[in-house]
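*Asks:* pasting the structure only:
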């Protein structure tokens, strides 16, 4: 028997019966400070936790993500057992709903409670059992917003995060005084666009010495999922409650003073710069969003750093979640006339009722397959090669490389939105469906059109050169021959009919109109050359660049 099960059964011996209160704990609810665990007496409480290879084999998830998920689940189970909670922890190969039903039958449990999981895939597995009545779903108390908060902003697209964020600030009173924003405005984003050139010094990311439980999890991942994406760094798995608090203490002390000014900066010397790296723990609720917002609000740091961080958690994170909920994972988009536009989905697992692999929404009809460059095959663009290497190494980069390198290049290449979204889903340690679908399908690729933004987030070499040092180590020169700039103009030319009435695109489209026919022909030739070269897994070279 494993170290984990030996430890668990010592703390919570096996029993033929359960206690009066039974709670199923999904992987995104690893806290006893919210929901029934915060008010049920441990002596009256049984929790059920499930671990299944069914999830791990559905997609080729990054090894680091699996390590963080499984190790936190096992440590949480032990922490609850130490509190006196009875813990039933099962490992298996079937879906979560089936495994939970088997335990309910085995113990003849009349009712099992669960806080509503954030991830749609898990909710679909549990839905048949909720409909049968023995599984009771209640509100997930980890979230700071409600559906009403989104509807108070708008009931149909386009939704604007700024409006949502302002309403959240007003309702919660966070960073507000006399019902007005402290500092006179809601966003200080204009102060948060400095380029990092080596100073101030970037904090050293803390390490976490793996204990027997984490070591066992990592050994399991390496043996069970040898072909999973990326590498597994055992020292970068904050697995216990103490680890989570250690990471948060480091973030507050070492990162937050300079977080704001360098929030958008990118550099090859540091993949995170002054970003906190707490997102995986927030999404598992090892750290509670409410607590981190309150902690930052009380912290003595520059206001642009304080507001910038709170906007990410109280604003953007909650906004993404509510959009995903409201649109059923972008499968149904509401229209102004009260109707809904339905979008097809991709099949992933026919054995699970109502299961699908995600929305195939693709309003601009991108058709390029995801190239090997996104799996680590060197392509010759130092920005893409550097960021992909970071992701393959440990499943993390901060939000600007995700948006303005990975998603930007995928959009300019017109990569199929579902393929790049699924790549984000499997590759990042903090990725779940509610995270990646609105962030990538709706915003990163503009595949949903004007649902979350009025224009696509795209750029040529100029932005990347301004905000990073990627161009200094590249084969191409950002102002002379970087193909991304040609790609940018080719994209605009290809979709100008779509954008002709977009007021935010009028200036750039006027510039497009001024480009000569010869330049436009070269733009299109560069697009074709890049798509074909990258599809073959070959590197881009200056000699091969169409002129």
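*Replies:* Perfect, thanks for sending it. Please read these numbers as outputs of a predicted model, since none were measured by experiment.

*Asks:* residues contacting residue 359?
*Replies:* In this structure, residue 359 makes contact with 329, 330, 331, 343, 344, 345, 418, 437, 441, judged by Cβ atoms under 8 Å, 6 or more residues apart in numbering. Yep, even glycine has a C-beta here, placed from its N, CA and C like the rest.

*Asks:* From those residues, pick the one nearest residue 394.
*Replies:* Closest approach to residue 394 among those (Cβ to Cβ): residue 437, at 22.9 Å.

*Asks:* Surely the closest one is within a helix?
*Replies:* Yes. Assessed with DSSP: H, G, I helix; E, B strand; the rest coil, residue 437 lies in a helix.

*Asks:* my guess is residue 447 contacts residue 441, does it?
*Replies:* Yes. Between residue 447 and residue 441 a contact is recorded at 5.1 Å, counting by Cβ atoms under 8 Å.

*Asks:* shared neighbours of these two, anything?
*Replies:* With Cβ under 8 Å, 6+ apart as the test, residue 447 and residue 441 both reach 361, 417.

*Asks:* and the contacts of residue 359, which of them are in helices?
*Replies:* Members of those lying in helices (criterion: DSSP state H): residue 418.

*Asks:* Greatest separation within the contacts of residue 359: which pair is it?
*Replies:* Farthest pair in these (Cβ to Cβ) is 344 and 437. Separation: 14.5 Å.

*Asks:* And the two? Which one has more around it.
*Replies:* A count of neighbours by other Cβ atoms under 10 Å puts residue 437 above the other of residue 344 and residue 437, at 30 against 11.

*Asks:* got the domain boundaries for the protein?
*Replies:* The chain breaks down into these domains under automatic domain parsing: 3-138, 147-209+217-326, 366-535.

*Asks:* nearest to residue 541, of those domains?
*Replies:* Here domain 366-535 is closest among the domains of the chain (Cβ to Cβ), at 6.3 Å.

*Asks:* Around residue 340, how many other residues sit close by?
*Replies:* So residue 340, with other Cβ under 10 Å, has 13 neighbours.

*Asks:* What does it show for phi and psi?
*Replies:* In terms of degrees, to the nearest 10, the main-chain angles of residue 340 are phi -130, psi 140.

*Asks:* I'd like to know how far it sits from residue 478.
*Replies:* 43 Å (Cβ to Cβ, to the nearest Å).

*Asks:* Repeat that for residue 115.
*Replies:* 48 Å.

*Asks:* Check residue 411 too.
*Replies:* Distance, residue 411 to residue 478, by Cβ to Cβ: 19 Å.

*Asks:* Give me the more crowded residue out of the two.
*Replies:* Ranked by neighbour count (other Cβ under 10 Å), residue 411 and residue 478 place residue 411 first, with 25 against 20.

*Asks:* Now the more buried one: which helix or strand?
*Replies:* helix 408-412 (DSSP states H and E).

*Asks:* Identify the residues contacting that helix?
*Replies:* By Cβ under 8 Å, 6+ apart, helix 408-412 touches 366, 370, 374, 381, 383-384, 420, 444-446, 456-459, 484, 487-488, 490-491.

*Asks:* mind redoing it with 7 Å?
*Replies:* With contact meaning Cβ atoms under 7 Å, 6 or more residues apart in numbering, helix 408-412 is reached by 384, 420, 444-446, 456-459, 484, 487-488, 491.

*Asks:* now stretch 213-222
*Replies:* 2-4, 63, 66-67, 70-71, 74-75, 210, 232, 234, 237, 239.

*Asks:* Okay, the residue lying closest to residue 326 once chain neighbours are set aside and residue 120: tell me how far apart.
*Replies:* Excluding its sequence neighbours, the residue lying closest to residue 326 (Cβ to Cβ, 6 or more residues apart in numbering) is residue 150, at 5.7 Å. As for residue 150, its distance to residue 120 is 16 Å (criterion: Cβ to Cβ).

*Asks:* same check, this time on residue 101
*Replies:* Where residue 120 is concerned, residue 101 sits at a distance of 19 Å (Cβ to Cβ).

*Asks:* Equivalent analysis for residue 141, please.
*Replies:* Applying Cβ to Cβ to residue 141 and residue 120 gives a distance of 19 Å.

*Asks:* likewise residue 459?
*Replies:* 31 Å.

*Asks:* rewinding a little: farthest-separated two in the contacts of stretch 213-222?
*Replies:* By the measure Cβ to Cβ, 3 and 63 form the most distant pair in the contacts of stretch 213-222, at 19.9 Å.

*Asks:* Show me which of these two is the more surrounded one.
*Replies:* residue 63 (23 against 14).

*Asks:* what stretches of the stretch 201-350 of the chain score poorly on pLDDT?
*Replies:* By pLDDT under 70, the low-scoring segments of the stretch 201-350 of the chain are 349-350.

*Asks:* Check which helix or strand the residue nearest to residue 326 maps to.
*Replies:* When elements are assigned from DSSP H and E, residue 150 belongs to helix 147-153.

*Asks:* Need the residues that contact that helix.
*Replies:* Taking contacts as Cβ under 7 Å, 6+ apart, the residues outside helix 147-153 that touch it are 159, 163, 164, 167, 168, 171, 322, 325, 326.

*Asks:* would you turn those residues into a markdown table with neighbour count, secondary structure and distance to residue 215?
*Replies:* Shown next, in a markdown table, are the contacts of helix 147-153 (neighbours: other Cβ atoms under 10 Å; DSSP: H, G, I helix; E, B strand; the rest coil; distance: Cβ to Cβ, whole Å):
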| residue | neighbour count | secondary structure | distance to residue 215 |
| --- | --- | --- | --- |
| 159 | 23 | coil | 44 |
| 163 | 15 | helix | 47 |
| 164 | 23 | helix | 43 |
| 167 | 17 | helix | 46 |
| 168 | 23 | helix | 41 |
| 171 | 15 | helix | 45 |
| 322 | 23 | helix | 39 |
| 325 | 20 | helix | 37 |
| 326 | 19 | helix | 42 |
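
*Asks:* Could you single out the nearest of those residues to residue 260?
*Replies:* Closest to residue 260, out of all of the contacts of helix 147-153 and judged by Cβ to Cβ, is residue 168, at 19.0 Å.

*Asks:* Would you mind measuring from the closest one to residue 174?
*Replies:* 8 Å.

*Asks:* Likewise for residue 473?
*Replies:* Distance from residue 473 to residue 174, by Cβ to Cβ: 41 Å.

*Asks:* Kindly report the same for residue 224.
*Replies:* Taking Cβ to Cβ, one finds residue 224 at 43 Å from residue 174.

*Asks:* And residue 372, by the same measure?
*Replies:* Residue 372 is 45 Å from residue 174, by Cβ to Cβ.

*Asks:* So for these two, which residue has more residues nearby?
*Replies:* Per other Cβ under 10 Å, whichever of residue 372 and residue 174 has more neighbours is residue 174, with 20 against 15.

*Asks:* picking up where we left off before, check the contacts of stretch 213-222 for burial and list the buried ones.
*Replies:* Those of those that meet the buried threshold are 4, 63, 66-67, 70-71, 74-75, 210, 232, 234, 237, 239, by 16 or more other Cβ atoms under 10 Å.
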